[in-house]
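# below is the sequence, then the predicted model.
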Amino acid sequence: MEITFKLIDLIIVIGICQGIFLSLTLQRISNNNQKANSILSYLIALATLMLIGRFFYFRFLTAWVFQWSIAVDSLVFLFGPLIYLYVKRLLFKEQNNYSLSIIHFIPFSGMLFFAFFYIINYTPKAYYEFFLKGNLLMYFRIISVIMIVFNMFYVLKSFQLLKKFKQTEKEIFSFEQTPIVYLNFFLFSLLACLLAWTFSLLNTTIFDKTIPFIGYDSIWVAIPLFIYVIGYFSLKQPELFRISEEKQKNNLRKERLPEAEAQLLKTKLDSLMINEKVFLQSDLTLADVSEMLQTSTNNVSWLLNQVYKTTFYDFINQYRVKEFLKKVENKEHLKHTILALSMDVGFNSKSTFNKAFKSTMHETPSNYIKKKLAA
C-alpha cells in the first residue's frame, strides 16, 4: 500500500509534537498558575491524543480504524468541563484545587458506552457496511448537536467567570493583568470553533453541501493551532493575582463608617495619593493601600464606593493620568516616548494607559499631545 503525505498530515504531526512537549512542560512548572496549568496540560494531552487518532484515521483508514474512531470522538465531551475547571482554578483563590463532580462526565461515559456497544456487537466490516447504508447518520448528527451544545454551555459558563472576575478586579487592583487578555483570546477562539462547527453541521444537514474552509478537515487543522497558541501563551504568563469568588457584602452596606471616621480616612487617603504618590507603584493593590492606612480593605473599599463613587482601579488611574499630564506640561514628552512616560506614572501596559486616559480626558493621549503642540 502506497502512503502519501498531504499538507494536513504535516500540520497534524507538528501539532502532535507540540502537544506532547507542552503537556509535559506545563506539568513541570513549579509556579505561574501551577494548579490551573495542570488542567491545561490535560486539555493539551487530550487534543494531542485526538490528533494521533485522526492521523491514523486519515492515513491508515481501515474498517477496524473506522470503527474505533467513534471511541476517540468521545474525548470531545471532556473538553468543556476541563475548560471550565481551568478557568475556575486560574481566576479564583478558593478554587485553586477546585474539582468537578462525576456528573459533568456522564456524557463522556455515555458516548464511550455507545462506542463500545457497536465495537462489541459488530465486526469492523459489518459496522462499516452498517454505516454505508446510512443507518448511523442520524445518530452521528444527534451526537454532534449534543457535543456542540454541551461544550458551548461550559464555554459560556467560563465567560461568566471571567466577567465576574473583571467586575471584582477593579475593586482590588489598580492595573490590568495580562493573563486576562490571553484568557479572552482563549475563550473566544473556542467559541469561534464551536460556531464554525455549528454552521458546518447545519449546512450539511439542511442543504446537503459543504463550505470551503469550514468543514471536517478545518477542525483538525484548528487543533494544532490551538495547541501551539494556548501552550505558548500559558508558558509566558506571569502568576495571576487571584481574587476571592465570594463578594464582600460589607462593601455594599451604606453608612458603614461613622461620618467622622470616614472623613479622617478620606483625608489620610488623599494625603497618601498627593504627598506620597503611592499610585506610582505599578502593582498597587487595595490591600497595599489598606495596610498603609492601617485599616481594613472593607473600609477603604466602602470609602471609594460610597464617598468617591468610584472603584479602586479608576481612583488610582485618575491620579496616574494627572501625573502624566504634569509631565506633558513640563514638555517631558519631547524627550521620552508616551509609553515611557506612562510607565513612569505607574501604568503597567500601553492598553491600560490608553483606556484610563480616554476615560478621564475623553480623547487619546496622542490627540491630546497634538493639540498641546498646536496650541
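Looks like it arrived, so ask away.
# now do residue 148, the pLDDT please.
With respect to pLDDT, residue 148 scores 92.
# ditto for residue 253
The model reports residue 253 with a pLDDT of 47.
# can you give me the helices in the stretch 51-200 of the chain?
With DSSP state H, counting those that start in this stretch as the criterion, the stretch 51-200 of the chain has helices at 63-73, 76-91, 106-121, 124-132, 137-172, 178-206.
# can you list the helices and strands that the third one packs against?
Helices and strands touching helix 106-121, by 3 or more Cβ pairs under 8 Å, 6 or more residues apart in numbering; DSSP states H and E, are helix 63-73, helix 76-91, helix 137-172. From N, CA and C alone the C-beta is placed, and that goes for glycine too.
# and that helix, what's buried?
When burial is assessed from 16 or more other Cβ atoms under 10 Å, helix 106-121 yields the following buried residues: 107-108, 111, 114-115, 118-119.
# now swap in the last one and tell me
Taking 16+ other Cβ under 10 Å as the basis for neighbour counts, the residues of helix 178-206 that come out buried are 178-180, 182-183, 186-187, 189-191, 193-194, 196-197, 200, 204.
# can you put the helices and strands packed on helix 106-121 in TSV and add distance to residue 337?
Listed next are those as TSV, based on distance: least, Cβ to Cβ, whole Å:
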stretch	distance to residue 337
helix 63-73	52
helix 76-91	33
helix 137-172	27
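# most packed of these?
helix 76-91 (a mean of 23; mean count of other Cβ atoms under 10 Å).
# next, the angle helix 137-172 makes with that one.
Interaxial angle, helix 76-91 versus helix 137-172 (axes from the mean of the first three to the mean of the last three Cα atoms, to 10 degrees): 0 degrees.
# for the helix or strand that contains residue 367, list the C-alpha coordinates in PDB.
Element membership of residue 367, judged by DSSP states H and E, is helix 365-374. Backbone C-alpha positions of helix 365-374 (Å, rounded to 0.1, in the frame of the first residue of the first chain) are rendered in PDB as follows:
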ATOM      1  CA  PRO A 365      -3.000  60.500  24.600                       C
ATOM      2  CA  SER A 366      -1.600  61.200  21.100                       C
ATOM      3  CA  ASN A 367      -4.500  63.500  20.100                       C
ATOM      4  CA  TYR A 368      -4.100  65.400  23.400                       C
ATOM      5  CA  ILE A 369      -0.400  65.900  22.800                       C
ATOM      6  CA  LYS A 370      -1.000  67.000  19.200                       C
ATOM      7  CA  LYS A 371      -3.400  69.700  20.500                       C
ATOM      8  CA  LYS A 372      -0.800  70.800  23.000                       C
ATOM      9  CA  LEU A 373       1.800  71.100  20.400                       C
ATOM     10  CA  ALA A 374      -0.500  73.000  18.100                       C
END
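# give me the contacts around that helix.
Here helix 365-374 makes contact (Cβ atoms under 8 Å, 6 or more residues apart in numbering) with 324, 328, 333, 338, 342, 353-354, 357, 361.
# go through those and say which is closest to residue 62.
residue 354 (57.0 Å; Cβ to Cβ).
# my read: that closest one touches residue 364, true?
Yes: using Cβ atoms under 8 Å, residue 354 is in contact with residue 364, at 6.6 Å.
# ok, the two, which is more surrounded?
Higher neighbour count among residue 354 and residue 364: residue 354, with 17 against 13, using other Cβ atoms under 10 Å.
# now do the contacts for the more buried one.
Counting by Cβ under 8 Å, 6+ apart, residue 354 touches 364-365.
# sec struct for it, please.
helix (DSSP: H, G, I helix; E, B strand; the rest coil).
# about what we covered before: distance to residue 278 added to the buried residues of helix 106-121, as a markdown table?
What follows is the buried residues of helix 106-121, written out as a markdown table (distance: Cβ to Cβ, whole Å):
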| residue | distance to residue 278 |
| --- | --- |
| 107 | 51 |
| 108 | 51 |
| 111 | 55 |
| 114 | 61 |
| 115 | 60 |
| 118 | 66 |
| 119 | 66 |
